[in-house]
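Enquirer: let me see the structure of the following:
(chains A and B)
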Amino acid sequence: MESRRDVFQAIADPTRRAILMLLAAQALTPGAIAENFDSSRQTISKHIQILIECELVKPKQNGREILYHINAKQMSEVANFIEPFRKLWDDRFNKLESIMKNYKSKK
Amino acid sequence: MEQKTKIHAEDGRQELRITREFDLPLELLFQAYSDAEIVEQWMGTNVLKLENKNHGSYRFETTDPKGNKHYFSGTYHTYVPDRKIVRTFEIENSPFEPQLEFLDFESLTPETSKLTIQMIYRSVELRDQMLKLPFSQGINMAHNQLEKIVKNLTKKP
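Expert: As a prediction, this is how the structure comes out:
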């Protein structure tokens, strides 16, 4: 099924939006990002992983460090206001499709 | 990744089009619209009435997380099984005026089918409002929470 994370769900989370805001100003290491939050480093690291999975953030090796950058291209796609409307219908139709596939096999 | 559901909404027009191809034979796709029990499952709604015929009408009821009930209804103008539905759609007790919907069902292969929905609104403004509804709901939620976070951040020494 759909393994890729839903971009809109990713940015609906307040911590992840705050991380994106930080990275919009400058590329940062995971440690520097975590310093801005009360949450544990592991929690922040999980949020960063989700942002990477939906390509909102890109890791880049910088010497021995990893710097996280914002992916401007993907961000502009998210800014497309039609996407949530499309997603709503896509979810409905995916459900329709799987219900009817089961229905067919039961017959 | 290819998107299965596509939205066509040109600027300045009072209509939009939704297209979707299904891995389902045409008859099963249409049944998802005609069988009340199945409609309930994929639309996540209670079906109060579903009269599958010309001049028939339908009415759905949903309950939001706060327990409020919402009603959606309309009338079938044309109902041709496995081919076409022309109907109105209205969110009851809302500021949004009804819309006209053309649903075209097509067979692509014996195992696949396609649905095209054309929705026509009273004005360009209304179409844009309806398009942005899911977006604003998502963003409002995110913004409220973001404000809280930023406030907490600035409180930190």
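
Enquirer: who touches B:Pro95 in this structure?
Expert: By Cβ atoms under 8 Å, 6 or more residues apart in numbering or on different chains, the contact set of B:Pro95 is empty. To be clear about C-beta, it is placed using only N, CA and C from the backbone, and glycine gets the same treatment.

Enquirer: for it, give me phi and psi.
Expert: Dihedral pair for B:Pro95: phi -70, psi 0, per degrees, to the nearest 10.

Enquirer: check which helix or strand covers the closest residue to B:Glu92 other than its chain neighbours.
Expert: The shortest distance from B:Glu92 to any non-neighbouring residue, by Cβ to Cβ, 6 or more residues apart in numbering or on different chains, is to B:Tyr71 (4.1 Å). Here B:Tyr71, judged by DSSP states H and E, is contained in strand B:69-80.

Enquirer: longest helix of chain A?
Expert: Counting residues, the longest helix found in chain A (DSSP state H) is helix A:83-106.

Enquirer: how many other residues sit next to the residue nearest to B:Glu92?
Expert: Other residues within reach of B:Tyr71, judged by other Cβ atoms under 10 Å in any protein chain shown, total 16.

Enquirer: tell me the residues of chain A that contact chain B?
Expert: Neighbours of chain B within chain A, by Cβ under 8 Å from any Cβ of the partner chain: A:4, A:8, A:11-15, A:17-18, A:36-38, A:81-90, A:92-97, A:99-101, A:103-104.

Enquirer: narrow these to those that are buried.
Expert: The neighbour count (16 or more other Cβ atoms under 10 Å in any protein chain shown) marks A:8, A:11-15, A:17-18, A:36-37, A:83-90, A:93-94, A:96-97, A:99-100, A:103 as buried among the residues of chain A next to chain B.

Enquirer: could you identify the helix or strand that succeeds the strand holding B:Tyr71?
Expert: Scanning forward in sequence from strand B:69-80 by DSSP H and E, the next helix or strand is strand B:84-91.

Enquirer: just the buried residues of that following strand, please?
Expert: B:Ile85, B:Val86, B:Arg87, B:Thr88, B:Phe89, B:Glu90, B:Ile91.

Enquirer: alpha carbons of the longest helix of chain A, as CSV, please.
Expert: Only the C-alpha atoms of helix A:83-106 are listed here, as CSV (Å, rounded to 0.1, in the frame of the first residue of the first chain):
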residue,chain,number,x,y,z
GLU,A,83,-3.5,19.3,-2.5
PRO,A,84,-5.7,18.8,0.6
PHE,A,85,-8.8,18.7,-1.5
ARG,A,86,-7.2,16.2,-3.9
LYS,A,87,-6.0,14.2,-0.9
LEU,A,88,-9.5,14.0,0.6
TRP,A,89,-10.9,12.6,-2.6
ASP,A,90,-7.9,10.3,-3.1
ASP,A,91,-8.4,8.8,0.4
ARG,A,92,-12.1,8.3,-0.3
PHE,A,93,-11.5,6.6,-3.7
ASN,A,94,-8.7,4.4,-2.3
LYS,A,95,-11.2,3.2,0.3
LEU,A,96,-13.9,2.6,-2.3
GLU,A,97,-11.4,0.6,-4.3
SER,A,98,-10.3,-1.6,-1.5
ILE,A,99,-13.9,-2.2,-0.3
MET,A,100,-14.9,-3.3,-3.7
LYS,A,101,-11.9,-5.5,-4.2
ASN,A,102,-12.8,-7.4,-1.0
TYR,A,103,-16.4,-7.4,-2.1
LYS,A,104,-15.4,-9.0,-5.4
SER,A,105,-13.3,-11.8,-3.8
LYS,A,106,-16.2,-12.6,-1.4
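
Enquirer: what does the pLDDT read for B:Ala142?
Expert: Per-residue pLDDT puts B:Ala142 at 54.

Enquirer: my bad, B:Leu153
Expert: Reported pLDDT at B:Leu153 in the predicted model: 56.

Enquirer: export whatever helix or strand B:Glu101 lives in to CSV, keeping only CA atoms.
Expert: In this structure, B:Glu101 sits in strand B:99-109 according to DSSP H and E. Listed next in CSV are the C-alpha coordinates belonging to strand B:99-109 (Å, rounded to 0.1, in the frame of the first residue of the first chain):
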residue,chain,number,x,y,z
GLN,B,99,-23.7,22.6,-6.8
LEU,B,100,-24.5,20.5,-9.9
GLU,B,101,-22.5,17.3,-10.4
PHE,B,102,-22.0,15.2,-13.5
LEU,B,103,-20.6,11.8,-12.8
ASP,B,104,-19.4,9.8,-15.9
PHE,B,105,-18.5,6.1,-15.4
GLU,B,106,-16.4,4.4,-18.1
SER,B,107,-15.0,1.0,-18.7
LEU,B,108,-11.3,1.0,-19.7
THR,B,109,-10.7,-2.8,-19.7
